[in-house]
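Participant: following is a predicted model, sequence given first.
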Amino acid sequence: MAIDKAKKAGASYAEYRQVQIQSEYLSYADGHPDEVTNGLDEGFGIRVIAKGSWGFCGSAEINEDEIGRAANKAVDIAKASALLQAKPVVLAPVKPSFGQYVSFIEKSPFEISLKEKLDFLAHLDELMSRNTGISSRFGFLEFRRVIENYFNSDGSAIYQMLYQSGVGVSATAARSHRDRATRSYPANEGAYENRGYELLQQVDFDNNIPTICEQAVALLDADPCPQKVCDVVLDGSHLSLVIHESIGHPLELDRVLGSERNFSGTSFATPDKLGKLQYASPIVNVVSDPTARYGLGSFGYDDEGVKAQPAYLIKDGILVNYLSSRETAAMIGTESTGAMRADGWGNIPLVRMTNTNLLPGKDTFEDLVAGIDDGLYLVNSSSWSIDDNRENFQFGCEIGWEIKGGKLGKMIKNPTYSSNTIAFWNSCDGIGNEPLWRLWGTPNCGKGQPGQNGRVGQGAAPARFRNVRIGV
Amino acid sequence: MSHILDLFEKILPRSAADQTELLCETEEFYLTRFAESLIHQNIGRTDHTIWCRAVIGRKIGIAKTNVLNEEAIGKLIETAAGICHEQRDDPDFQSLVSSPKAPKTEGFVRATAKYTPLDRAQAVKTMATIAGKDKLKVSGMLQTSQTGLAVANSLGTRQEGQVTEIRVSLSASDDSGRAGFAQAFSRDADNVDLTEIAHRAVAKAQRLTNPIALESGNYTVILEPDAVADFLLFLGFLGFGGKGMVSGRSFMANKIGAKIMGDNITIGEDPFHPAIKYMSFDYEGVPRRKVMLVENGIAQGVVYDSYYAAQKEAQSTGNALPPDNKFGPYPKAMVMEPGTKSLDDIIASTEAGILITHFWYLNFVNPMLTTVTGTTRDGTFLIENGKPSAPVIDMRVNQSMLEAFNNAEVLSGERRLVPKYGVLMYVPAMKVHNFRLDKAE
């Protein structure tokens, strides 16, 4: 009905997305529940092309009258957009999609009692409380079920149901309010995957919580990060974020083409460099893979109805493709890589990351460390910043260890480093092997105006980089 | 919003909880985004979110939905109360709040509510035309919205209000991609001077040709109001809220009455300031009020919601966020007292320095030292002998924010209203010595 209404109002192309998100968030801090929230959010959005320009209207009221009103409004908005238009929007052709996709899950988190979930968090809290040096404890669980129905005027009709689960802890040791150290597990944002309640059993909290608590206490007396240029091994828990910031975002084709100039910024990886730019050393291969099992950025179809598909972004170190939409792909004469994703029903889709995976290499962790005479091993992110053209960046980590003569040495607190995207990735000369590789989830990727939250993944194993400036 | 309060009034007595709070935020939202002087996104959205906070003893349950009808809200109350039965006690929770009627919210302007898609497109065209005369293209956004808030609880609190806003953010750039930046905010769409915004961005863009690289070092900088607001926003998150006072993580903890900034720095939370006109009550229905945060450099106070106020034996200042927020209260309407010199005079009296338009991707490096990193963006200029002499390639910032407010030599007389992530800041420009900037690799 929405498609017909929009076409009747003057749309040459129309799509209807109806989304329902059920959510649950539980947190536990210092021995008692911090928050338990249950949420439901639903509505629809109609995106159209009329007079060659885009318009969109969404509403939380799902009924026939409101859908008709929104369809007309979307067309009105599109016609206003046409006031500033160079040429009509062209979409790269795709075959209409019919199908459904449901995340791989064993246990729906929404069928587990609140009591069982709070008991789980209480157990994690109790594990942290066993270390008397820990002054502040936090644990959380987050679950979402996203149901999406999508139709477009090309004939696509798609049903998707995604389950997303997250769990994590952090422990803080403090000598004074200024002298404190935090360790989190398994990453600073926890573990996030597209799977059910069984995720909780996949994370080994029982063996790792005592370790991170000991590390948090030890960090209070650890040496500060030295200032020098040296080699580093980045753990996957942190490298995931570096991939996200310095490979994922720069290769979003909408920002490459200037759409985000005023806010998120631009990209150095312009289309004239496609197929030529030595983005990274030849051992680096990066794939956008929304089909990866359990990836937080996995789906069956993107929010333009394009079927999920893996696509090399960097092959043997060379820039070979972008994350793209039908419109941006048409602008550079390629096919969409199926990366249009919207945050809920009330936002238009933007070009977003899916799972941006650095493919595993051949090295064991011992190989990576053995190849460094003087350097650092860095774990878990604590601070991040990259310029608006995605070149110069600075990261901080929760913890580091000195590497001397090919062996791990003393603990280092507040390690930081800075570099330049191209120089950094071209200095990569070792990547961990498959057993070390893991798909990390990022539940809070920000982009667009108004800010949209994206849920994406990055696959990473530890990797080695040469001549990096540390202690910045 | 009165129909929503009526609905809440009808449903509240059905709650089985000891105390119950219902809260509804409504939104009519319109946004036009443009790049290369062409509109590429144009959206409208109608939404509402309803939260229920139920309390049984000291157990709290929160549920939210965006389905606005009697049946859905009745179910919401049951869900929130059901959570309470499985919850543990929160020993720090005291009670929901019984609040008197807040003053009328003054921030609603009909002209803004009636702004049409065509109005927005024509506004963008006005700015694009100005930039086009100098062979520049514009990118940015123009947003208008109308937000309503209604709060009712079982202790008798009843509040309702509506505000409108228009936001404009503009980058003017040449073929090289170097951009000049300007932005504006108002409750009243008729009060936004699109021509002034466009000329401000264009004037910066015209001076960006052949930028030079500067070495890392400590510089005297002049932060324009947008850059001052970038720092103030982070200070607000980090230290001007009650949660940090309770946990001891705020730079204000144990410092009330102590000198933390320069003598010339006075910052207050003023939701009723004529340039700001915030909703007159918060998400718990507590009337907002003015709070002095820093006066002549001396720490005076922070903002509270009822939860953290109870733990510090203080009163809520009307700064509660929705009940499922993770941050705790922080200032939403900061006003910084101005100096007397104009920005032009400050530049003219600077022998050597760097003029910074605003910052990008600030993030904490060491929160306890208020150290942040980020980069300069969209107009950074070397000042020599009282004049901007050359554009500067953007530099990386590594700076303690408190130290910067301690090293403020002079503030401008003129102030600008800067919107950032739901926080409004009315701030002057600020000249700061010993400001750390690093050459970006």
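Facilitator: Sure thing, it's come through.
Participant: please count neighbours and contacts with C-alpha atoms only from this point.
Facilitator: Noted.
Participant: surely A:Leu436 meets A:Ala463?
Facilitator: No. The pair A:Leu436 / A:Ala463 is not scored as a contact, 10.1 Å apart, by CA atoms under 8 Å.
Participant: neighbour count winner among those two?
Facilitator: A:Ala463 (26 against 18; other CA atoms under 10 Å in any protein chain shown).
Participant: and the longest strand belonging to chain B, what does it pack against?
Facilitator: Determined from DSSP state E, the single longest strand within chain B is strand B:38-56. Packing partners of strand B:38-56 (3 or more CA pairs under 8 Å, 6 or more residues apart in numbering or on different chains; DSSP states H and E): strand A:53-59, helix A:64-81, strand B:19-35, strand B:59-65, helix B:70-86.
Participant: that one pairs with which strands?
Facilitator: strand A:53-59 (parallel), strand B:19-35 (antiparallel), strand B:59-65 (antiparallel) (DSSP bridges).
Participant: report the angle between that strand and helix A:64-81.
Facilitator: Per axes from the mean of the first three to the mean of the last three CA atoms, to 10 degrees, the angle that strand B:38-56 makes with helix A:64-81 is 140 degrees.
Participant: show me what from the stretch 51-200 of chain A comes close to chain B.
Facilitator: With CA under 8 Å from any CA of the partner chain as the criterion, the stretch 51-200 of chain A meets chain B at residues A:53-61, A:73-74, A:76-78, A:80-86, A:114-115, A:118, A:177-178.
Participant: domain ranges for the chain, per the record?
Facilitator: Just going to use chain A. For chain A, the structural domains run A:2-219, A:223-470, going by automatic domain parsing.
Participant: chain B is the one I meant
Facilitator: With automatic domain parsing as the reference, chain B has domains B:2-201, B:210-441.
Participant: ok, now which ones touch B:Glu165?
Facilitator: Counting by CA atoms under 8 Å, 6 or more residues apart in numbering or on different chains, B:Glu165 touches B:112, B:143-146, B:185-189.
Participant: checking my notes, it in a strand, right?
Facilitator: Yes. Counting by DSSP: H, G, I helix; E, B strand; the rest coil, B:Glu165 is found in a strand.
Participant: next, count neighbours for B:Asn366.
Facilitator: Counted with other CA under 10 Å, B:Asn366 comes out at 17.
Participant: quick check: phi and psi on it?
Facilitator: Per-residue torsions, B:Asn366: phi -140, psi 100 (degrees, to the nearest 10).
Participant: right, and it touches B:Val372 too?
Facilitator: Yes. Between B:Asn366 and B:Val372 there is a contact under CA under 8 Å: 7.0 Å.
Participant: show me which residues of the stretch 301-441 of chain B are close to chain A?
Facilitator: So the stretch 301-441 of chain B meets chain A at B:324, B:360-365, B:368-369, B:373-375, B:377, B:440-441 (CA under 8 Å from any CA).
Participant: out of those residues, which end up buried?
Facilitator: Neighbour counting with 16 or more other CA atoms under 10 Å in any protein chain shown marks B:324, B:360-365, B:368, B:373-375, B:377, B:440 as buried within those.
Participant: just the ones of the residues you listed in strands?
Facilitator: B:360-365, B:373-375, B:377.
Participant: about what we covered before: please identify the most buried of the helices and strands packed on strand B:38-56.
Facilitator: For those, average neighbour numbers computed from mean count of other CA atoms under 10 Å in any protein chain shown are highest in strand A:53-59, which has a mean of 30.
Participant: who touches that strand?
Facilitator: A:43-49, A:66-67, A:70-71, A:73-79, A:81-82, A:85, A:88-89, A:345-348, B:40-47.
Participant: all helices for the stretch 301-450 of chain A, in order.
Facilitator: Under the criterion DSSP state H, counting those that start in this stretch, the stretch 301-450 of chain A contains helices at A:326-331, A:365-370, A:421-426.
Participant: nearest spatial neighbour of B:Ile197, skipping sequence neighbours?
Facilitator: Nearest residue to B:Ile197, sequence neighbours excluded (CA to CA, 6 or more residues apart in numbering or on different chains): B:Ala182, at 5.9 Å.
Participant: ah, wrong one, I meant A:Leu439
Facilitator: Using CA to CA, 6+ apart, the nearest residue to A:Leu439 is A:Gly459, at 4.1 Å.
Participant: isn't that neighbour up against A:Asn357?
Facilitator: Yes. Look at A:Gly459 against A:Asn357 with CA under 8 Å: they come within range, at 4.1 Å.
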